[in-house]
Each structure stands twice: as C-alpha cells, then as structure tokens.
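> model this:
(chains A and B, ligands or ions: 1)
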Amino acid sequence: MTFLPTDEQRAFARSLDAMLTAADTPAAVRAWAGGDPGPGRALWGRLAEAGVSALAIPEEYEGLGLLPVELAHAFVELGRHAVPGPAVETVATAVLLGELARLGEPGPAKRLLPGLASGERTATLTIAGVETVRHTVPYALDADRADTVLVVRGEELWRAPGHGPVRVSADPARRLARPAPGGELLAEGPAVTVAAGQARRWAMLATAAQSLGVGLALLDRTVAYARQRAQFGTPIGAFQAVKHRLADTLLALEFARPLLFGAAVTMTPGDLAAAKVATGEAGYAAARTALQIHGAVGYTEELDLSLWLRKARPLRNAWGDPATCRATVIGAYSRTGS
Amino acid sequence: MDLSYTRTEEAFRAEAREWLREHVPAEPLPSLETAEGFAAHRAWEAELAAARWSVVSWPEAYGGRGVGLARWLLFEEEYWAAGAPGRVSQNGVQLLAPTLFDHGTAEQRARVLPSMATGETIWAQAWSEPEAGSDLASLTSRAVRTDGGWLLSGQKTWSSRAAFADRAFGIFRSDPDADRPHRGLTYLMFDLRAPGVTVRPIGRLDGKPAFAELFLDGVFVPDEDVIGEPGQGWRIAMSTTGNERGLMLRSPGRFLAAADRLVRLWETEGEPADSALRDRVADAVIGARAYQLFTAGAAARLPTGAESSLNKVFWSEYDLALHETALDLLGADGELTDGAWAEGYVFSLAGPLYAGTNEIQRDIIAERLLGLPKGRR
Ligand SMILES: Cc1cc2nc3c(=O)[nH]c(=O)nc-3n(C[C@H](O)[C@H](O)[C@H](O)COP(=O)(O)OP(=O)(O)OC[C@H]3O[C@@H](n4cnc5c(N)ncnc54)[C@H](O)[C@@H]3O)c2cc1C
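Numbers count the residues shown, from 1 in each chain, chains lettered A, B, ... in the order given. Model (predicted):
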C-alpha cells in the first residue's frame, strides 16, 4: 500500500495550478457573476485542453477513461482558483451518460459525450430527491449558461427545454434556476437510477475536492495577511489567539485531504460521504477564520478574498449536505442499518 | 495512489489475527494503573514477546520482527480490533527505544532493549518537574560529575506509571553555567529502586496511581547509562518527541476499533430521532478513517518533526470527543465508573495535556508549518 500521489498526479496538479495562476481567475469569476460568461468559458476551454473535462469519460467517447484520483487533484485546483461554472455538474453528466451506455443505453452518450470531453459544451444536471434530506427539488447550477440541462426524476432522464428565473446565490458566481418541466425524454428504466447514483458519487467527489481547494486558498491568503498586517506594533500573526485559529484551520484541512483521496481510490458511498463532510466543514471553517482574521477588510466585496469566502458554505451543502452525508456514513458502518 | 495491501502484508495480517484470536484474554485485564493490573499487563507483554508480537517493528536481534511501519500499522489494527489489552511498556517502547536506536551505543541497545521487549523492565519517563512543564528547558534537577558516573538530585513529577515501573530515563542539568537553558543538559537512565530515589505515587482524577513524583538525592548513575554526549540532552530529547506526539503513540488501529465500538453502542443505545448525537457518532467514524488515511500517507513519506504536532492535536481531541459521545449515549449510566468507556474517558481527558499541551503544539504548527512570526513565550 502506498497512499501517496504519483509523480504524474503531482505534476498534473502543478501544471493546472500554474495555468490558473497565470489566467487571472478572479476577473473571470467577477465577470461570470456580473453577466459575462466569456472569460469563464475561455477558462473552461483551457482546462479542457489540459484534459480536465475528459477525466470522467470513457475512451470510446473521446475521454481519458474514469480517473477519480486525477479528477480530485484537478478539482482541488479548481477550488483553489475559484473557477466559476458548472464544472462539477458537467462531470456528473458525463458519468451519468457513460454509465448509461455501459448499462446498454448508448444513445445519449453518443450524442453528448464527445462535446463534453472536448470542452466545447458544458452541461448541468439535477437529480430529484437525493441531494438533501429536506429539499427534494434541487436547483440546477448555471442552467442559463450550460449547453445542456439534464434532469433525473425517478427512473427518467429528461433533457429540459429551459429553466425558470435565475436566483441569486450567496455566491454570486453560482447561478441557480429550476429546470423547466417537460422537454425530451432521453432514457428511462432502472439503469437511469443506477447511473444517477454513480453520477452523484462523482459529483460528491468533485465538490469535496473543490471545498478543500477553497479552504486551502483561504488559509494561504489569511496566513499571508496575518504576517503582514501589524497592530499594537506587532504582526497580528504573532498573537497566539490568531496563530491557534490558523493552526486549527490547517489541521482540519490536512485531515480532510486524505479522506478526499481515500474516497477517490475506493469510491464507496461511506468514504465519499465522509470526505464530503470533512472537506465541507473544513472549507467553511477556513472561511470563518479568514473573515475573522482579515477584520473589516475581509467583509468587503471588493477584496478578492470574497470570491472564496462566499463559495465555502454553498459547496459544503451542494451534492449532499452534512446531515445527509453523516447519515450515509453511519449507514455504511452500521450492522443493523439504523 | 493505492489502498490495497500486498500479499506479504495480507499474510502478516492473517498471522497476527490468528494469534490474537487464540491469545487475547477473554476477560479484560484489570486497569493497568493499579498494582494488580500492572502485573497482569506485564505478564501479557511477556506472552506477546514470546511469540515476537511485542515490538514488531524492531530489528529481530532485539525481539522484533523488523517489519517496518506499514506492517506495524496493520498489526495495530488487528491488535485493537481483537480487543487486546493496553500496552504497559509504552513509554519505553515509544520514547526510550527510538532514542537508543538513534543516539545510544550498541552496548546500551543490547543491554536495554531485550528486557524492554519482554516487559521484564518497564520504563518511566522523567522529564517534567514541578516548575518545568511546558517550559521544559527551565528544568533544575541536577547531574553532578563523580567517579565513573553522575549523581542526580532534584525532583521530577507526573512520571506515568513510575509508581510500579522499574527504571526511568530523563534530562538533568549538568552544566548550570551554560549560556542558554537548552544547553548543558544530559540525558540518562537510572534505576527507580536505586539508593536515594523516593517514588511517591500521585492519584489521577479517578484516584488511580497513574503517575508519580520522584525525589532524587545523590542517586548514582554509571557513565554507561548516559545517552549520547553529556551536555547534548536537549537535542537528543527533542529528536524523539516526534514519536511521542506522532503516530507511534496513538496508532489509527486503536481509534478504528473505538469508533467501531461506538457505532455498536449507537445501535443499542441510540435514539434514531436524535440526529445531533447520530452526527457525533458519524464524526467519530469519519475521524478514525481520516486518521487512518493521514497516517498511511505519513508513514509513506516520513513526516517532519513539526508534522507530528498535527497528529498529536488531532488524536487527543478526537479521543476525547469520541469518549464524550459514548458517555452521552450511555445517558445516566455514563457517570458510572466501572465500564470500559469510563476508564477510556478518564484516560482521554489527559490527552490534550501530556506529550506537550495542545496550546504548545498549535504554536509549533503555526510557526513551523505555517511560517507565522514567533510570539512571546
Ligand atoms: C496523564 C499525564 C501523564 C504524564 N506523563 C508524564 C511522564 O510520563 N513523564 C513526564 O515527564 N511528564 C509527564 N506528564 C507531564 C506533561 O508533560 C505536562 O503536564 C505538560 O508538559 C504540561 O505541563 P504542566 O502540566 O506543568 O502545565 P503548564 O506548563 O503549567 O501549563 C498550564 C496551562 O498553561 C498553558 N501554557 C503554558 N505555557 C503556554 C504558552 N507559552 N502558550 C500558551 N499556553 C501555555 C498550557 O498549555 C496549559 O494549558 C504527564 C501529564 C499527564 C497529565
């Protein structure tokens, strides 16, 4: 057993980091939130060239095969750089269609997967009844920007004809809308349910990876700020109350990281739920700490920190909120299934 | 990135499981913090050692199997899953032994390690003093040169299991004129029954004599019991604190087994409608898995000293939270002191204190891992 990333995986993550660092992602996020999807789509195009959009697509549909560990590495970087858009949903759609094809329904895969693999097209997806215990009709992320809006209802897969009004999220770079009813029925039967379950697992993995990335970015920026901001004649980072809060942030992130990669290796529901809880909570706690330690300037929209601050909580709840995931964890370890 | 085991690893696991199944005592041993329990645990160490299971990661020459960290972790998983007793030799095995492997002489290793492996000699750690806790470098107990060795005087305290142990290892001030408190310290081993040693047991929270004060009055230590160079005690001691804080002290196997027991407790005592308590049980499961995977990564890349501080804060707070959850599940029975959870709870309460308090660990994390400026200390 060697539970360490390979040199190739490390190099892949580093190259994405370098590319995104050079790409001025904050400007793309602000444009995406402000109504101009151009820079965000251009970014997605470059990520696709680097292979990111093909990591969950079988080779016969022009993908790279199903590579969850690489996908987790990539989505940590997407989170670290706050990349906007329905990236998780596009992955989930790809997995859903690939799985349907594997189960004997190749039609939708043939039509849609090559476009997703090349990054020319994006998709969004909702799966009714599974995202949280309390809300059974989920919003679709960026339905107004995605080329394809898919909806799973029970054993039916629909291509929605459009979407309802776009609602404003706590993170303005996340645009939410209900898919419109009706449209085209792409597939039906038990295979849809199985494929949707698989899609949801990958969405959990990618979201968890983004949460970790968001938390890491928040910690990095906050450490840098604490070293440089002086009060009472000392850098605030020398105060123990500040230090200890940052130490706790690192602790939570460093113990969430192996859960994420462990889940990518096993892809079991229990491990995925555990990773989702740990990364989501650690990312959100990092946001609270980042805000506190930045003081008032952290509470401004203007500072780029806000781009990550506002992501942490929605990501914590997307594709499986903490309560739902904790119930899954208990279920996975319980002998009586209580 | 891989989470599957090799055939050698699986074979090793199977062998350990089989042996433990046949030998783990059916009834739990009495608490090792009592005279009776200490003797029973010592006998258990001998039984483990006879089958070469007491120190599996050590070289064979000293009673181990030379299997390395990965298989040690597997052994620990099997050990705790089998419900086997706590380890009374822990201080020696996890603190003194690594020190001797790194800084001792061949003669010292040959003399000290085999009887440590069998539990025949049980070691206590004599570092802390009444006025030197977190600020350990301010210690004042002295080692004064004499013919063929040193004479120790002063007072040590909080020495775990010293009430029943045989020998101790500790740091003493050998050069009171050194320019800084960290200099002029010497690391040595001494006999707890030597003339001049008085051991006064101290009751921990539940009254059991889990640690002791040591009063030292001209205790003779021969030169052969000095570890490393005289005057280098601080450096030597610090090079092994990583073991105390890090994964060797609390293996993931222990927490995986505890989380498993907690889920079983939830099944019998839990109230399905109580989602707050259910979430805490889930967090215990998640924490055990996180610690297991974190350790698997750490074992593969050999962490730096400062990273062991992450480990220490994590396991100590995890252990306490897990036990508090168990007590809450037990409801009114949680305050009764005769169950396994009660003993574990008392034990877990001290985790954030010993092996360097969690405040000190957080300072280390912030300064050495995050690069924040040093503050007043
Ligand atoms: C169960 C148990 C077993 C032990 N076994 C052993 C043993 O076998 N051998 C041995 O040598 N010792 C042992 N110890 C002692 C242990 O190492 C000390 O308790 C520990 O180092 C803390 O020292 P102290 O108790 O004197 O607390 P103090 O150092 O007095 O600290 C009191 C409080 O102040 C805080 N504090 C102190 N300095 C700072 C600072 N700079 N910044 C922030 N907070 C600070 C501490 O974190 C703590 O919360 C044991 C302790 C316990 C509880």
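> And for the nearest residue to residue A:46 once chain neighbours are set aside, the neighbour number?
Spatial nearest neighbour of residue A:46, excluding adjacent residues (CB to CB, 6 or more residues apart in numbering or on different chains): residue A:19 at 6.4 Å. (Each C-beta comes from the backbone N, C-alpha and C, glycine too.) By other CB atoms under 10 Å in any protein chain shown, 16 other residues sit near residue A:19.
> give the contact list for residue A:19.
A:46, A:47, A:50 (CB atoms under 8 Å, 6 or more residues apart in numbering or on different chains).
> which ones are touching residue B:228?
Here residue B:228 is in contact with B:103, B:104, B:187, B:235, B:236 (CB under 8 Å, 6+ apart).
> Restricted to helices, list the contacts of residue A:19.
A:46, A:47 (DSSP state H).
> By neighbours, which of the contacts of residue A:19 wins?
Going by other CB under 10 Å, residue A:47 tops those with 23 neighbours.
> how near is that one to chain B?
21 Å (CB to the nearest CB, to the nearest Å).
> Kindly report the same for residue A:174.
Remark: distance between residue A:174 and chain B (CB to the nearest CB) = 26 Å.
> Surely that residue touches residue A:314?
Yes: taking CB atoms under 8 Å as the definition, residue A:174 is a contact partner of residue A:314 at 5.7 Å.
> more crowded one of those two?
residue A:174 (22 against 19).
> Strands of chain B, residue ranges please.
With strands called from DSSP state E, chain B shows them at B:123-126, B:142-146, B:149-160, B:167-173, B:185-191, B:197-202, B:211-222, B:226-227.
> typo on my end, it should be the stretch 51-200 of chain A
In the stretch 51-200 of chain A, the strands defined using DSSP state E, counting those that start in this stretch lie at A:56-57, A:65-66, A:123-127, A:140-141, A:148-153, A:156-159, A:167-168, A:175-177, A:184-188.
> Now mean neighbour count and distance to residue B:110 too, for the ones you listed, in TSV please.
Formatted as TSV, these follow (neighbours: other CB atoms under 10 Å in any protein chain shown; distance: least, CB to CB, whole Å):
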stretch	mean neighbour count	distance to residue B:110
strand A:56-57	28	58
strand A:65-66	16	55
strand A:123-127	27	65
strand A:140-141	24	66
strand A:148-153	24	69
strand A:156-159	20	71
strand A:167-168	10	73
strand A:175-177	22	70
strand A:184-188	15	72
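> any idea which of those strands scores lowest on pLDDT?
For those, mean pLDDT drops lowest on strand A:167-168, to a mean of 89.
> What strands flank it, and is each parallel or antiparallel?
The strands beside strand A:167-168 in its sheet (DSSP bridges) come out as strand A:175-177 (antiparallel).
> which other residues reach the partner strand?
A:139-145, A:163-169.
> For chain A, what's its nearest residue on the stretch 51-200 of chain B.
For the stretch 51-200 of chain B, the residue closest to chain A is residue B:70, as judged by CB to the nearest CB, at 6.3 Å.
> Could you measure from that residue over to the ligand?
28 Å (CB to the nearest ligand atom, to the nearest Å).
> Which ones among the contacts of residue B:228 lie within helices?
Using DSSP H, B:103, B:235, B:236 are the members of those that sit in helices.
> Could you find the closest non-adjacent residue to the residue in the stretch 51-200 of chain A positioned nearest to the ligand?
Closest to the ligand within the stretch 51-200 of chain A is residue A:80: 31.7 Å, counting by CB to the nearest ligand atom. In this structure, residue A:80 finds its nearest non-sequential neighbour in residue A:213, 3.9 Å apart by CB to CB, 6+ apart.
> Past the helix or strand where that neighbour lies, which element shows up next along the chain?
Under the criterion of DSSP states H and E, residue A:213 resides in helix A:190-228. Helices and strands here follow DSSP H and E; after helix A:190-228, the next one along the chain is strand A:230-231.
> contact partners of that following strand?
By CB under 8 Å, 6+ apart, strand A:230-231 touches residue A:236.
> in its sheet, what does that strand sit against?
Strand A:230-231 is paired, per DSSP bridges, with strand A:234-235 (antiparallel).
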